[in-house]
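1. test case, fold it:
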Amino acid sequence: MQTTASKNTADIAAPAFDSMPERDLHYLLERLQTDYILAIDDGRLEEWPEFFTEDCLYRIIPKENFDRGLPASVIFCDNRGMLIDRVTSLRTANIYQPHQYRHIVSGTRILERSAKQVRSQCNYVVFQTLQDGETRVYQAGRYIDEVVWSGNRLRFREKHAVFDTSRVQTLLATPV
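-> This is a model prediction of the structure:
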(Lines give C-alpha, C1' and ligand atoms only; values in the text may rest on other atoms or scores of the structure.)
Protein backbone atom coordinates (compact mmCIF):
# COMPACT_ATOMS: atom_id res chain seq x y z
CA MET A 1 0.00 0.00 0.00
CA GLN A 2 1.29 3.43 -0.95
CA THR A 3 1.45 6.16 1.66
CA THR A 4 0.40 9.69 0.84
CA ALA A 5 4.03 10.83 1.01
CA SER A 6 5.08 8.32 -1.66
CA LYS A 7 2.36 9.25 -4.15
CA ASN A 8 3.51 11.05 -7.27
CA THR A 9 1.67 13.16 -9.82
CA ALA A 10 0.64 10.01 -11.72
CA ASP A 11 -1.58 8.94 -8.80
CA ILE A 12 -3.68 12.09 -8.54
CA ALA A 13 -7.14 12.51 -10.08
CA ALA A 14 -7.57 15.34 -12.59
CA PRO A 15 -9.27 18.28 -10.86
CA ALA A 16 -9.85 21.58 -12.67
CA PHE A 17 -6.86 23.88 -12.33
CA ASP A 18 -8.97 27.01 -11.88
CA SER A 19 -10.77 25.61 -8.82
CA MET A 20 -7.66 24.19 -7.17
CA PRO A 21 -6.15 26.11 -4.23
CA GLU A 22 -3.04 27.93 -5.45
CA ARG A 23 -0.74 26.28 -2.90
CA ASP A 24 -1.86 22.81 -4.11
CA LEU A 25 -1.33 23.74 -7.74
CA HIS A 26 2.04 25.27 -6.90
CA TYR A 27 3.06 22.05 -5.14
CA LEU A 28 2.00 19.90 -8.12
CA LEU A 29 3.93 22.09 -10.57
CA GLU A 30 7.05 21.97 -8.43
CA ARG A 31 6.73 18.21 -8.04
CA LEU A 32 6.38 17.76 -11.82
CA GLN A 33 9.43 19.95 -12.39
CA THR A 34 11.45 18.04 -9.77
CA ASP A 35 10.53 14.65 -11.24
CA TYR A 36 11.42 15.99 -14.71
CA ILE A 37 14.89 17.26 -13.78
CA LEU A 38 15.71 14.19 -11.70
CA ALA A 39 15.00 11.95 -14.70
CA ILE A 40 17.55 13.98 -16.69
CA ASP A 41 20.12 14.37 -13.90
CA ASP A 42 19.94 10.67 -13.01
CA GLY A 43 20.45 9.66 -16.66
CA ARG A 44 16.98 8.11 -17.00
CA LEU A 45 16.47 9.71 -20.41
CA GLU A 46 14.12 6.98 -21.62
CA GLU A 47 11.60 8.34 -19.09
CA TRP A 48 12.01 11.93 -20.30
CA PRO A 49 9.47 11.81 -23.19
CA GLU A 50 6.78 10.52 -20.81
CA PHE A 51 6.69 13.94 -19.14
CA PHE A 52 5.11 15.32 -22.34
CA THR A 53 1.80 14.96 -24.15
CA GLU A 54 1.78 13.26 -27.56
CA ASP A 55 1.31 16.62 -29.33
CA CYS A 56 3.86 18.51 -27.26
CA LEU A 57 6.24 21.32 -28.09
CA TYR A 58 9.74 21.24 -26.57
CA ARG A 59 12.36 23.75 -27.47
CA ILE A 60 15.58 25.17 -26.19
CA ILE A 61 15.77 28.74 -27.42
CA PRO A 62 18.04 31.75 -26.82
CA LYS A 63 16.43 34.58 -24.84
CA GLU A 64 16.99 37.01 -27.70
CA ASN A 65 14.98 34.88 -30.13
CA PHE A 66 12.22 34.16 -27.62
CA ASP A 67 11.83 37.84 -26.66
CA ARG A 68 11.62 38.88 -30.32
CA GLY A 69 9.15 36.13 -31.23
CA LEU A 70 11.71 34.53 -33.55
CA PRO A 71 11.25 30.76 -33.97
CA ALA A 72 14.93 29.74 -34.32
CA SER A 73 15.72 27.28 -31.53
CA VAL A 74 18.77 25.22 -30.70
CA ILE A 75 16.47 22.20 -30.25
CA PHE A 76 12.90 22.00 -31.55
CA CYS A 77 10.61 18.99 -31.11
CA ASP A 78 6.88 19.24 -31.81
CA ASN A 79 5.68 15.79 -30.73
CA ARG A 80 6.61 13.03 -28.30
CA GLY A 81 7.91 10.86 -31.13
CA MET A 82 10.62 13.45 -31.81
CA LEU A 83 11.61 13.35 -28.12
CA ILE A 84 11.86 9.55 -28.26
CA ASP A 85 14.00 9.83 -31.42
CA ARG A 86 16.26 12.30 -29.61
CA VAL A 87 16.85 9.84 -26.76
CA THR A 88 17.45 6.97 -29.20
CA SER A 89 19.97 9.12 -31.06
CA LEU A 90 21.72 10.05 -27.81
CA ARG A 91 22.00 6.42 -26.79
CA THR A 92 23.01 4.92 -30.14
CA ALA A 93 24.31 7.46 -32.67
CA ASN A 94 25.56 10.73 -31.22
CA ILE A 95 29.17 11.15 -30.22
CA TYR A 96 29.72 13.55 -27.36
CA GLN A 97 31.89 13.85 -24.30
CA PRO A 98 30.35 11.97 -21.35
CA HIS A 99 28.98 14.40 -18.80
CA GLN A 100 26.69 14.74 -15.82
CA TYR A 101 24.02 17.41 -15.41
CA ARG A 102 22.74 18.81 -12.15
CA HIS A 103 19.78 21.20 -12.25
CA ILE A 104 18.73 23.80 -9.74
CA VAL A 105 15.20 25.10 -10.24
CA SER A 106 13.55 27.92 -8.30
CA GLY A 107 10.99 30.66 -8.36
CA THR A 108 7.97 28.78 -9.71
CA ARG A 109 5.23 31.23 -10.67
CA ILE A 110 1.77 30.52 -12.00
CA LEU A 111 1.28 32.84 -14.98
CA GLU A 112 -2.30 31.88 -15.86
CA ARG A 113 -4.69 29.01 -15.48
CA SER A 114 -7.98 27.73 -16.73
CA ALA A 115 -9.90 24.57 -15.92
CA LYS A 116 -7.80 22.46 -18.30
CA GLN A 117 -4.33 24.02 -18.41
CA VAL A 118 -1.87 26.10 -16.45
CA ARG A 119 1.04 28.20 -17.67
CA SER A 120 3.96 28.58 -15.32
CA GLN A 121 7.51 29.84 -15.23
CA CYS A 122 10.55 29.05 -13.12
CA ASN A 123 14.27 29.73 -13.23
CA TYR A 124 16.85 27.04 -13.90
CA VAL A 125 20.60 26.62 -13.79
CA VAL A 126 22.27 23.54 -15.24
CA PHE A 127 25.70 22.58 -13.98
CA GLN A 128 27.73 20.23 -16.14
CA THR A 129 30.52 17.99 -14.89
CA LEU A 130 32.80 16.43 -17.48
CA GLN A 131 35.03 13.38 -17.08
CA ASP A 132 37.92 15.54 -15.89
CA GLY A 133 35.83 16.35 -12.80
CA GLU A 134 35.48 20.06 -13.52
CA THR A 135 32.01 21.45 -12.89
CA ARG A 136 30.83 24.60 -14.63
CA VAL A 137 27.62 26.49 -15.23
CA TYR A 138 26.43 25.04 -18.51
CA GLN A 139 23.23 26.99 -18.98
CA ALA A 140 21.01 29.41 -17.06
CA GLY A 141 17.55 30.55 -17.98
CA ARG A 142 13.86 30.02 -17.36
CA TYR A 143 11.36 27.34 -18.19
CA ILE A 144 8.05 28.57 -19.53
CA ASP A 145 5.61 25.68 -19.43
CA GLU A 146 2.08 24.79 -20.35
CA VAL A 147 0.89 21.89 -18.22
CA VAL A 148 -2.24 19.76 -18.68
CA TRP A 149 -3.72 16.57 -17.27
CA SER A 150 -3.05 13.76 -19.72
CA GLY A 151 -4.34 10.36 -18.75
CA ASN A 152 -4.00 10.30 -14.99
CA ARG A 153 -0.95 12.54 -14.61
CA LEU A 154 0.36 16.04 -15.24
CA ARG A 155 2.35 16.46 -18.43
CA PHE A 156 3.96 19.29 -20.32
CA ARG A 157 2.12 20.28 -23.47
CA GLU A 158 4.77 22.94 -23.99
CA LYS A 159 8.19 23.39 -22.41
CA HIS A 160 10.33 26.30 -23.52
CA ALA A 161 13.85 26.34 -22.05
CA VAL A 162 14.72 29.99 -22.67
CA PHE A 163 18.42 30.33 -21.96
CA ASP A 164 20.21 33.53 -20.95
CA THR A 165 23.67 32.09 -21.50
CA SER A 166 25.26 33.84 -24.46
CA ARG A 167 26.41 30.60 -26.05
CA VAL A 168 26.21 26.86 -25.63
CA GLN A 169 29.68 25.81 -24.47
CA THR A 170 29.71 22.32 -26.00
CA LEU A 171 27.50 20.17 -28.15
CA LEU A 172 24.02 20.33 -26.68
CA ALA A 173 23.31 16.61 -26.44
CA THR A 174 21.24 16.01 -23.32
CA PRO A 175 17.90 17.80 -22.82
CA VAL A 176 17.85 20.61 -20.28
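2. where does pLDDT dip in the chain?
-> 1-13, 94-96, 169-171 (pLDDT under 70).
3. do that again at 80, thanks
-> 1-13, 93-98, 165-173 (pLDDT under 80).
4. what comes up buried for the top helix by length along it?
-> Criterion DSSP state H: the longest helix present in the chain is helix 22-41. Of the residues in helix 22-41, 25-26, 28-29, 32-33, 35-37, 39-40 count as buried by neighbour count, 16 or more other CB atoms under 10 Å. (Each C-beta comes from the backbone N, C-alpha and C, glycine too.)
5. from these, which is closest to residue 101?
-> residue 40 (5.9 Å; CB to CB).
6. contact partners for the closest one?
-> 48, 101, 103, 174-176 (CB atoms under 8 Å, 6 or more residues apart in numbering).
7. got CSV for the buried residues of helix 22-41, with distance to residue 15 too?
-> Shown next, in CSV, are these (distance: CB to CB, whole Å):
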residue, distance to residue 15
25, 9
26, 14
28, 10
29, 14
32, 15
33, 19
35, 19
36, 21
37, 25
39, 25
40, 28
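8. just to revisit the earlier point, and the contacts of residue 40, which of them are buried?
-> When neighbours are counted using 16+ other CB under 10 Å, the contacts of residue 40 contain these buried positions: 48, 101, 103, 174-176.
9. residue 74 and residue 40, how far apart?
-> In this view, residue 74 and residue 40 are 16 Å apart by CB to CB, to the nearest Å.
10. number of residues surrounding residue 144?
-> As a burial measure, residue 144 scores 17 neighbours (other CB atoms under 10 Å).
11. same question for residue 131.
-> For residue 131, using other CB under 10 Å, the count is 9.
12. one more: the one 3 residues further on?
-> If you count neighbours by other CB under 10 Å, residue 134 ends up with 8.
13. how near is it to residue 90?
-> 22 Å.
14. equivalent analysis for residue 62, please.
-> 22 Å.
15. the two: which has the busier surroundings?
-> The residue with more neighbours, out of residue 62 and residue 90, is residue 62; 20 against 16, by other CB under 10 Å.
16. tell me the contacts of the nearest residue to the more buried one once chain neighbours are set aside?
-> With sequence-adjacent residues excluded and distances taken as CB to CB, 6 or more residues apart in numbering, residue 62 is closest to residue 163, at 6.1 Å. Counting by CB under 8 Å, 6+ apart, residue 163 makes contact with 60-63, 139-141, 176.
17. for residue 163, list each beta-bridge partner.
-> residue 62, residue 141 (DSSP bridges).
18. sec struct for residue 73, please.
-> Using DSSP: H, G, I helix; E, B strand; the rest coil, the structure places residue 73 in coil.
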